[in-house]
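Engineer: Sequence first, then the predicted structure:
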Amino acid sequence: MKFIIFTNEYSGLPLGLRLQEEGHTVLMALIEPQMAEEKYQLPKDKEAKEKEKKAMEYLKLNGTGLIKREWAKHITNYLCQKDLQDETYIIFDQIYGFKYGELLRKKGYKVWGGTRLGYQLEHEREKTLLLLSRLGINVPRKKEFPTNSADQGIEFLRQIQDRILFAFKSDNIDILTLVAEETNIAQGYNEAQAENVSFY
């Protein structure tokens, strides 16, 4: 079988390597930054331009010598001109690049992931939680606190006796999310500190 894994950060690389190890033909389709998000914005300042440049370099270099790779645009154009639907399986390893997924699905390809709905469910969390609750699924309570308001958060948690999730909004990948093992707020706070979770 032939598998094409669409990626913009190589989450699907381990799966690709496993499929390859099992004897399948595997190709990583590298999603260009301008196609990753629903609405692409050209980088305006030096920092944003540098960030996009590094993302492109990462895409070009990661997996070198391990797995075949090609830009998603070229692969999609090729697949749209050929009739390879019966022998090709397409996997999206994240929510990004769904426009490729929707186009290939319309062409009759078997596509796992790569939908606008999946992208929206991830990016519009409030709507997602509302949809899930309307479907009868219990969703966790959510409470946001302003920056530097740990005392407000601690007081809120003292009033409930549930498992605790500490999560922080940040682009910094070094900031952890922690699910405390204890319902006791003091113990949960201590666990977070032991795991080096920063509080803001």
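Structural biologist: Nice, I can see it.

Engineer: pLDDT at T64, what is it?
Structural biologist: For T64, the pLDDT comes out at 88.

Engineer: Count the neighbours of it for me.
Structural biologist: Using other Cβ atoms under 10 Å, T64 is surrounded by 8 other residues. In short, each C-beta sits where N, CA and C put it, glycine included.

Engineer: for M1, same thing?
Structural biologist: Count around M1 with other Cβ under 10 Å applied: 11.

Engineer: How about it, nearest residue that isn't a chain neighbour?
Structural biologist: H24 (5.1 Å; Cβ to Cβ, 6 or more residues apart in numbering).

Engineer: Now tell me what touches stretch 35-55 from outside.
Structural biologist: 8, 33-34, 72-73, 96-100, 116, 119-120, 123 (Cβ atoms under 8 Å, 6 or more residues apart in numbering).

Engineer: Would you mind giving those as CSV with pLDDT added?
Structural biologist: Converted to CSV, the contacts of stretch 35-55 look like this (pLDDT from 0 to 100):
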residue, pLDDT
N8, 90
P33, 86
Q34, 85
A72, 95
K73, 95
Y96, 92
G97, 93
F98, 94
K99, 95
Y100, 96
R116, 92
Y119, 91
Q120, 90
H123, 86
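
Engineer: ok, of those residues, which come out buried?
Structural biologist: N8, P33, A72, K73, Y96, G97, F98, K99, Y100, Y119 (16 or more other Cβ atoms under 10 Å).

Engineer: nearest spatial neighbour of the first one, skipping sequence neighbours?
Structural biologist: The shortest distance from N8 to any residue other than its chain neighbours is 4.0 Å, reached at I31 (Cβ to Cβ, 6+ apart).

Engineer: Please apply the same query to the third one.
Structural biologist: Nearest residue to A72, sequence neighbours excluded (Cβ to Cβ, 6+ apart): A29, at 4.1 Å.

Engineer: Could you give the bridge partners of that neighbour?
Structural biologist: Listed by DSSP bridges, the beta-bridge partners for A29 are F6, E70.
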